[in-house]
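Engineer: A predicted structure for the sequence below; I have some questions about it.
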Amino acid sequence: MIEVSDPNEIAALARDPNLDRRFETPTCPVNWLLLKRSLKVLSFRGHRFPTMMPRDDAQRTSNQQDLWNLLGEKVASIKTGSDELEPLADWVRGIGPDVQLGILVQQLLGQLFSSKFMATEASWDAAKVLVAAPRLNNLPLMMWWFVSGKVRRAKRLLAGMVNEDLSAVNAIGIAVHNVVKSLRQMRVLYANVQTRSGLSAEAAAEQCLFAPASVYRQATAAGQLGDCPYSRHSLFVLSIGEAARHAEGRSLVFMEDSWSRCPANLWIPAMLQGVWNRASVFSQFHDEKLSG
């Protein structure tokens with residue numbers, strides 16, 4: 001397994017035609033077990049989640065573009081702070097407990113895929129199981145989760161809420177956690193009056209963007225990263241969460257310059273701007289009322 005956290009190296013690997021998500025050929029036994037665990041979690045009824053599908057899969061490419069188009073149509077309206085963002089704006093203002101945030105974010109994301117979606121404590125618990133399962137270091141607990149069907153039930157619950165659309169399951173079960181992290185950071189920024197008054201919505205959103213911790217890629221042919229050669233079937237862990245914290249790695253938040261670009265790369269920043277705008281309107285009104 002080759003772990004990479006340098007932003008420029010990750011960007012180079014993302015452009016490397018030898019790296020893919022086919023994940024069909026075993027590497028060393030330990031690495032392969034880790035990868036197979038992720039594939040097992042991030043699949044449903046024999047179909048992989050879109051984030052685990054290979055580069056040349058035509059259906060993945062089409063679905064990814066369709067979702068990008070759908071979300072792109074919503075960017076302009078949500079950036080202004082549409083009514084659907086009021087629960088999140090309230091939370092950013094400091095109204096509501098920390099535990100409420102996950103359900104609120106899951107509700108917003110779920111509604112993108114199904115107008116009937118209703119997030120619950122159970123659906124949020126399922127999302128926490130889904131995101132934790134591929135990374136559990138506690139071997140007995142991991143085994144229990146799989147043997148007892150805990151992971152399977154979590155996927156079944158979430159899939160049933162969105163007509164088994166795996167892009168939607170990924171959104172409400174995996175990506176939702178990065179958005180939760182973003183809004184927690186936004187709440188911290190908003191709580192500081194001096195910071196709040198000096199930040200535009202765009203700047204606030206930029207400070208609140210977080211990438212997933214890491215993604216897998218596997219070499220389909222031998223190649224070279226800088227001065228280091230790699231062999232066919234080498235397994236790479238691209239630590240984009242760490243890399244995206246650097247200025248030169250910000251595009252890695254959504255893998256924007258690669259074939260695996262996140263379909264929400266425009267929608268999420270716009271949504272965060274909308275939340276900040278809506279929260280700030282309340283703040284300005286409150287401050288004017290006090291001064292008046």
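Structural biologist: Arrived safely.
Engineer: my read is residue 196 is in a helix, agree?
Structural biologist: Yes: with DSSP: H, G, I helix; E, B strand; the rest coil as the criterion, residue 196 is part of a helix.
Engineer: In contact with the residue nearest the centre of the chain, which residues?
Structural biologist: A centroid search over the chain (CA atoms, centre = their mean) returns residue 175, at 2.9 Å, as the residue closest to the centre. Residue 175 is in contact with 109, 212, 262, 264, counting by CB atoms under 8 Å, 6 or more residues apart in numbering. All C-beta atoms are positioned from the backbone trio N, CA, C, and that covers glycine.
Engineer: Can you tell me what sits against the helix or strand hosting residue 152?
Structural biologist: Using DSSP states H and E, residue 152 sits in helix 150-161. For helix 150-161, contacts defined as CB under 8 Å, 6+ apart pick out 40-41, 44, 110, 114, 117-118, 122-123, 125-127, 129-130, 133, 144-145, 165-166, 169, 172-173.
Engineer: could you say what helices and strands the helix or strand just after that helix packs with?
Structural biologist: Sequence-wise, the next helix or strand downstream of helix 150-161 (DSSP H and E) is helix 166-170. Contacts defined by 3 or more CB pairs under 8 Å, 6 or more residues apart in numbering; DSSP states H and E place helix 166-170 against helix 150-161.
Engineer: redo that, cut-off 10 Å
Structural biologist: Applying 3 or more CB pairs under 10 Å, 6 or more residues apart in numbering; DSSP states H and E, one finds that helix 166-170 contacts strand 43-44, helix 58-72, helix 101-111, helix 121-132, helix 150-161.
Engineer: Provide the secondary structure category for the residue lying closest to residue 22 once chain neighbours are set aside.
Structural biologist: Excluding the flanking residues, the one nearest residue 22 by CB to CB, 6 or more residues apart in numbering is residue 54, at 4.6 Å. Classification of residue 54 using three-state DSSP returns coil.
Engineer: neighbours of residue 54, just the number please.
Structural biologist: By the criterion of other CB atoms under 10 Å, residue 54 has 16 neighbours.
Engineer: Hmm, residue 216 and it touching each other?
Structural biologist: No: using CB atoms under 10 Å, residue 54 is not in contact with residue 216, being 11.8 Å away.
Engineer: which residues are common contacts for the two?
Structural biologist: 21, 23 (CB atoms under 10 Å, 6 or more residues apart in numbering).
Engineer: that older thread, among the contacts of helix 150-161, which ones are buried?
Structural biologist: Buried members of those, counted by 16 or more other CB atoms under 10 Å: 41, 44, 110, 117, 123, 126-127, 129-130, 133, 145, 165-166, 169, 172-173.
Engineer: Would you mind measuring from residue 233 to residue 108?
Structural biologist: Residue 233 is 40 Å from residue 108, where distance means CB to CB, to the nearest Å.
Engineer: Comparing those two, which residue is more hemmed in?
Structural biologist: Neighbours per residue (other CB under 10 Å) separate residue 233 from residue 108, with residue 108 holding more: 22 against 18.
Engineer: can you list contacts of stretch 82-89?
Structural biologist: 74, 76-78, 81, 92, 95-96, 100-101, 103-105, 107-108, 111, 179, 183, 186-187, 190, 271-283.
Engineer: With stretch 58-74 instead?
Structural biologist: 21, 47-48, 50-55, 57, 78, 82, 84, 112-113, 165-168, 171, 259-268, 270-271.
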